[in-house]
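1. Sequence first, then the predicted structure, then my questions.
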Amino acid sequence: MSKMVPLEDVAAVSGSPIDPSQHSDEAFDLYSLPAYDAGAPAIVPGRDIKSSKTVVSAGDVLLSKLNPRIPRVWLVDQPGTHRQIASTEFIPLRIRDRTRVDPEYLALMLLAPQFIGEVAKQVRSSTKSHQRVRPADVVGRLVPIPDRLDVQRSTVLRIKACMERVEEIERDAAEASREIDALFPAILNERFAEILAAYQPQALEEVADIRGGASLPKGSPDDGGDESVLLVKVGDMNIEGNERVIGVAREFLPRCEAGRNAVPSGGVVLPKRGGAIATNKKRLLGRRALIDPNLMAIVARQDVLSTEYLYYWTLTLDLAALSNGGVIPQLNRKDLAPLQVPIPPSDMQQQIVESLKRAETYCGQLRAEFDAAQAERGQLRESILRKAFAGEL
């Protein structure tokens with residue numbers, strides 16, 4: 001049987017302040033928010049800790065007072081060879097009588113949505129990213145405490161068993177996610193291997209124009225539609241809506257000022273310099289554009305190659321493997337020009353494009369369905385804790 005009691009009846013805010021820099025040669029087990037995210041306290045010499053901390057002990061329960069809507073609760077481990085200290089962003093709670101309250105039970109209970117929801121109402125800051133609660137606002141909250149210690153420990157064991165199952169589900173989901181991501185590239189590689197075996201290839205430079213970018217003129221954020229061209233930088237490949245076809249940019253230029261260097265709609269744009277090469281991104285241009293020096297474009301010669309066939313073929317390329325591999329990777333015309341492109345007849349290219357579009361759509365739907373299910377799976381831990389502390393688990 002659980003009864004609702006104020007948190008301060010079973011645990012007190014504890015810990016004494018310490019300035020670790022005054023113990024420069026001593027190593028500490030530091031419980032901080034970055035260490036929490038990393039999954040273990042950091043071992044840090046006092047000389048490297050620049051602010052005051054709180055001395056804590058094994059069995060203390062640390063509750064983050066920063067942004068309480070993000071549940072962060074840490075049970076202090078058994079001590080090793082170092083003193084244990086915590087960031088002042090944690091409220092350290094010490095159980096008054098461990099014959100009445102189990103530390104693991106208390107730590108899990110503080111993660112329960114019922115408790116987090118009540119604490120989140122007590123925030124003191126006006127900015128959403130830096131909301132805090134005061135210890136006095138936390139210890140006054142009511143918490144469910146079973147009278148018997150064995151009941152508390154039984155609850156802990158049931159929660160742990162459920163969480164282990166959730167972790168197993170998440171491992172399976174992670175593997176499934178990787179398989180979904182690999183599905184369409186595998187289809188592409190298999191299909192173009194078949195095409196290469198069936199049709200005579202030609203060097204890319206013989207069937208397409210390979211163009212490097214240049215310094216962009218000063219543009220305007222105002223889009224003139226058909227009367228303007230895009231000024232495309234590497235970052236524009238990441239704009240929402242540009243995942244396949246670049247239709248918008250951050251800046252535009254009147255069409256009459258674009259000159260001869262503009263890349264026509266249908267050109268395939270890819271990064272040519274720096275870390276962006278490792279992203280292996282390729283995009284079709286949905287509009288005429290000028291591209292910056294960190295990009296290059298491949299423009300199909302329409303008499304032999306369709307733009308979308310060329311786009312799908314470029315998706316099989318590993319740009320990092322083609323680059324010079326230097327400290328700052330570089331991709332140049334000479335790296336792409338000799339690549340062999342299989343050239344089926346134009347009607348066959350269209351059939352191939354249509355079949356690859358269908359496969360791409362199917363893989364996209366599969367990803368969307370998986371992500372929707374993943375969002376539901378993401379609520380499993382919250383649901384387990386909610387039910388456990390409502391007596392429904």
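-> Yes, it's here.
2. Look up how far Ala297 lies from Arg211.
-> 5 Å (Cβ to Cβ, to the nearest Å). In this view, the C-beta of every residue, glycine as well, is placed from N, C-alpha and C.
3. quick one: common contacting residues for the two?
-> Common contacts of Arg211 and Ala297, defined by Cβ atoms under 8 Å, 6 or more residues apart in numbering, comprise 263, 267, 291.
4. Closest to Arg386 out of the residues you listed?
-> Nearest to Arg386 out of the shared contacts of Arg211 and Ala297 is Ile291 (Cβ to Cβ; 51.4 Å).
5. List the residue ranges of the stretch 1-150 of the chain that fall below the pLDDT cut-off.
-> Segments of the stretch 1-150 of the chain classed as low confidence (criterion: pLDDT under 70) are 1, 125-129.
6. Break down it into its helices, ranges please.
-> Across the stretch 1-150 of the chain, reading from the start of the chain, the helices by DSSP state H, counting those that start in this stretch fall at 7-10, 33-38, 103-111, 113-120, 135-139, 149-198.
7. among these, which is nearest Lys282?
-> Proximity of these to Lys282 was assessed by Cβ to Cβ; the nearest stretch is helix 149-198, lying at 11.4 Å.
8. For the nearest residue to Arg250 once chain neighbours are set aside, the count of nearby residues, please.
-> In this structure, Arg250 finds its nearest non-sequential neighbour in Asp236, 6.3 Å apart by Cβ to Cβ, 6 or more residues apart in numbering. Asp236 has 21 neighbouring residues, counting by other Cβ atoms under 10 Å.
9. what's the answer for Arg83, then?
-> Should you count by other Cβ under 10 Å, Arg83 turns out to have 19 residues around it.
10. Which residue is the nearest non-sequential neighbour of it?
-> Using Cβ to Cβ, 6+ apart, the closest residue to Arg83 is Phe28 (5.5 Å).
11. who's more crowded, Arg211 and Ala297?
-> With neighbours defined as other Cβ under 10 Å, Arg211 and Ala297 compare such that Ala297 has more, 23 against 18.
12. quick one: contacts for the closest residue to Ser215 other than its chain neighbours?
-> Counting by Cβ to Cβ, 6+ apart, the nearest residue to Ser215 once its immediate chain neighbours are dropped is Pro293, at 6.3 Å. By Cβ under 8 Å, 6+ apart, the residues touching Pro293 are 212-215, 273.
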